[in-house]
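S.K.: Below are the sequence and a predicted model; questions follow.
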Amino acid sequence: MAKYSIKELENLSGIKAHTIRIWEKRYNIIKPDRTDTNIRYYCDTELKRLLNIAILNRHGIKISNIAHLSDSELTDKVVSISSDPSDAENNIENMVVAMVEMNENRFEKILSRYIMHEGFENAVIKIIFPFFEKIGLLWQTGSINPAHEHFVSNLFRQKLMVAIDNLIVTDNINAKKFVLFLPEGEYHELGLLFYYYLVKKSGKLVYYLGSSVPYNDVVETGKMIKSDYFFTSITSSLNGTKAVDYLNKLSKEFPFQTIFITGLQVKEGLHNLPSNVRKISSPLDLNEFLKIN
């Protein structure tokens with residue numbers, strides 16, 4: 001059973017911890033358990049209830065009118081107001097609930113409906129990436145069961161692979177060549193798969209090497225195909241100076257190619273990078289580059 005701190009409930013629901021405590025005392029909306037050392041924690045049942053309360057409250061319903069509702073009444077009320085498929089925040093909150101419930105049917109409906117109305121790229125940028133950012137910290141701290149991670153990751157991966165397969169491979173012999181890969185020890189490739197989609201859609205040739213690729217294999221591939229660009233993501237396998245050392249080494253091997261780097265290490269700040277290494281902070285950054293190159 002997953003256990004959540006009140007701060008984690010705040011991060012997932014958007015409701016301040018102070019407000020949650022007030023609502024607990026005044027309306028008894030959720031009931032925390034306590035460890036042997038008297039530290040309060042919450043389980044999946046409380047998380048799901050609070051997420052549904054957050055959705056209703058965000059739609060203007062007062063907490064005093066929500067507090068008396070049973071769990072089933074809460075769910076029915078949320079379904080009745082969740083009619084706008086383009087409401088990104090509402091969809092993200094419902095996806096978190098579906099993840100906690102391990103409800104594939106609900107998850108699939110949320111995603112498919114948003115994609116149908118807003119398009120695949122917008123779905124990834126506006127709800128899928130923010131969803132992973134919202135729950136990413138919980139995975140790192142072990143608050144969410146690994147089964148939840150595998151469940152949602154595989155659902156997203158299926159969507160990405162179908163979208164990539166539906167794109168036509170360019171027959172332009174002069175098309176620029178991209179090598180996409182994750183360094184050795186890096187396994188979270190969902191983000192890289194979306195960048196694969198963007199690069200392929202732009203009419204470039206893509207050589208996708210996947211996750212945890214040995215350095216020598218990256219170099220050998222780049223030389224063999226005479227790559228124009230490299231694209232990688234560094235999240236956890238290389239920290240700080242190790243990431244910079246890795247990029248310096250790759251830059252010396254390919255001084256005339258551009259090396260794109262994204263991932264958590266970029267957000268936390270990588271400094272003193274070679275001139276041919278370019279940071280990508282979001283898919284929009286890469287899209288802008290692809291439009292003019």
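M.R.: Right, received. Where do you want to start?
S.K.: Find me the pLDDT at residue 100, would you?
M.R.: At residue 100, the predicted lDDT confidence score is 84.
S.K.: scratch that, residue 66
M.R.: 94.
S.K.: One more: residue 11?
M.R.: Per-residue confidence (pLDDT) for residue 11: 85.
S.K.: ok, it to residue 41 distance?
M.R.: Taking C-beta to C-beta, to the nearest Å as the measure, residue 11 falls 15 Å from residue 41. Where you see a C-beta, it was placed from the backbone N, CA and C, and this is true even at glycine.
S.K.: Report the central residue of the chain.
M.R.: residue 132 (2.9 Å; C-alpha atoms, centre = their mean).
S.K.: For the closest residue in space to that residue that isn't next to it in sequence, give me its contacts.
M.R.: The shortest distance from residue 132 to any non-neighbouring residue, by C-beta to C-beta, 6 or more residues apart in numbering, is to residue 190 (7.2 Å). For residue 190, the residues meeting the contact criterion (C-beta atoms under 8 Å, 6 or more residues apart in numbering) are 132, 153, 156-157, 160.
S.K.: same question, residue 264
M.R.: Listed by C-beta under 8 Å, 6+ apart, the contact set of residue 264 reads 234-236.
S.K.: Check residue 128 too.
M.R.: Shown here is residue 128, whose contacts under the criterion C-beta under 8 Å, 6+ apart are 111, 156.
S.K.: Wasn't it part of a strand?
M.R.: No - assigned with DSSP: H, G, I helix; E, B strand; the rest coil, residue 128 falls outside any strand and is helix.
S.K.: pLDDT at it, what is it?
M.R.: In the predicted model, residue 128 carries a pLDDT score of 92.
S.K.: ok, it to residue 134 distance?
M.R.: 11 Å.
S.K.: How about residue 30?
M.R.: Distance from residue 30 to residue 134, counting by C-beta to C-beta: 19 Å.
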